[in-house]
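A.B. asks: Structure for this input, please:
(one chain, ligands or ions: 1)
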Amino acid sequence: MNYRHHYHAGNYADVFKHVLLLQLIRAMQRKEKGFLYLDTHAGRGGYDLAVPSILPDGRTREPEHPAGIGRLWGATDLPVPINDYLALVRRFNERRGEPGEELKFYPGSPWIAKLLLRPQDRMVLCELRPDDAEALDFDFARETGVKVLTMDGYTALKAQLPPLEKRALVLIDPPFETKVEFADIQRGVTDALRRLPGAVVAVWYPITERARTEEFHRTLLELAVPALFAELSIAGESSLLRMKGCGLLILNPPWQIDREIRAVLPVLAERLKVEAGGSAGCGWLVPEQ
Ligand SMILES: C[S@@+](CC[C@H](N)C(=O)[O-])C[C@H]1O[C@@H](n2cnc3c(N)ncnc32)[C@H](O)[C@@H]1O
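C.D. replies: Below you'll find the model as predicted:
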């Protein structure tokens, strides 16, 4: 496990994922009844953007956040959900003792969720790397309604579902370091839905080759539950970039979330694209005829 999320904190993929996560949480909260937020691949929780990322050869890695949240920070003409997300990031900086206008810290998915959850909601955060899990545990030690587990997120799906609340939002955000990740996701999601058929499950995935994305979509169609995908490409199909964008696959999506996501995607694409051909889209997975 070489992946460290610190390298990527606040990049375009984080912005996309966290804006949509915020929209999903708000949609879950349209009902008064509490729910479980289960983050299977939680990371460290929060990131100090001033700490440089060092490559194995000792060189300093270029930070990725300037081309991500950096392109939105300070903008005044954004749709409500993106402003809402930026306000959360500002709140996170304030909590870290940085109330100014400068962006110094970036919240990972655990803090995005924590800043939104109500007293009747709770969260379980899983992280496999012991050092990151320890940092996460330390960060949330004084928070109520949060459990941090140092364990495999896919195993946690079996252990944590169904929750007492009978409602859950699951975020599966793996590092995609191995070729078996897509197969692990399919197994994990199958386990989750067997235990809680109505669970809202959001899976983040990278877009490299179109055929691979289509194969991934096909495997999730086999689960036979409503499935929505949202994708953001920062470059066109023919780009030389290996990762051209990313997507979020949402199983059992909350009512009208497709409309809400469609309202923010064009703005994210316009602001975050790095090459001509960058685009965004959202659609329902439907079986091929
Ligand atoms: C993409 S990062 C998560 C970022 C986080 N969700 C966020 O949005 O801020 C993936 C994390 O999963 C952890 N990880 C890798 N394999 C795991 C597994 N099988 N179970 C739980 N965590 C895992 C990695 O150490 C890494 O911190």
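
A.B. asks: So, low pLDDT: which residues of the stretch 151-289 of the chain?
C.D. replies: Counting by pLDDT under 70, the ranges of the stretch 151-289 of the chain that qualify are 289.

A.B. asks: show me where it has helices.
C.D. replies: For the stretch 151-289 of the chain, helices defined by DSSP state H, counting those that start in this stretch occupy the ranges 153-160, 181-195, 210-221, 257-272.

A.B. asks: And for the stretch 1-150 of the chain?
C.D. replies: Under DSSP H, counting those that start in this stretch, the stretch 1-150 of the chain gives helices at 12-28, 80-95, 109-114, 130-139.

A.B. asks: related to what we said a few turns ago, compare the helices of the stretch 151-289 of the chain and report which one is nearest to the ligand.
C.D. replies: With C-beta to the nearest ligand atom, the closest approach to the ligand among these belongs to helix 153-160: 3.6 Å. (C-beta placed from N, C-alpha, C; glycine too.)

A.B. asks: Check what contacts the closest one and list those residues.
C.D. replies: 36, 38-42, 124, 126-128, 149, 151, 170, 172, 174, 184, 187-189, 191-192, 195 (C-beta atoms under 8 Å, 6 or more residues apart in numbering).

A.B. asks: which parts of the stretch 1-150 of the chain sit against the ligand?
C.D. replies: Residues of the stretch 1-150 of the chain found near the ligand (C-beta under 6 Å from any ligand atom) are 1, 3, 5, 17, 40-43, 108-109, 126-129, 132.

A.B. asks: in the stretch 51-200 of the chain, what residue is nearest the ligand?
C.D. replies: Counting by C-beta to the nearest ligand atom, the stretch 51-200 of the chain gets nearest the ligand through residue 108, at 2.7 Å.

A.B. asks: What count of nearby residues applies to that residue?
C.D. replies: 28 (other C-beta atoms under 10 Å).

A.B. asks: who's in contact with it?
C.D. replies: 5, 9, 14, 42-47.

A.B. asks: again, only this time at 10 Å
C.D. replies: With contact taken as C-beta atoms under 10 Å, 6 or more residues apart in numbering, residue 108 is in contact with 5-6, 9-10, 14, 17-18, 39, 42-47, 92, 125, 127, 132, 136, 139, 173.

A.B. asks: again with residue 255
C.D. replies: With C-beta under 10 Å, 6+ apart, residue 255 has these contacts: 27, 30.

A.B. asks: got the phi/psi numbers for it?
C.D. replies: Main-chain dihedrals, residue 255, degrees, to the nearest 10: phi -60, psi 130.

A.B. asks: again with residue 115
C.D. replies: Torsion angles, degrees, to the nearest 10, at residue 115: phi -70, psi -10.

A.B. asks: In contact with the closest residue to it other than its chain neighbours, which residues?
C.D. replies: Leaving aside its sequence neighbours, residue 115 sits nearest to residue 88 (C-beta to C-beta, 6 or more residues apart in numbering; 5.1 Å). With contact taken as C-beta under 10 Å, 6+ apart, residue 88 is in contact with 18-19, 22, 107, 111-116.
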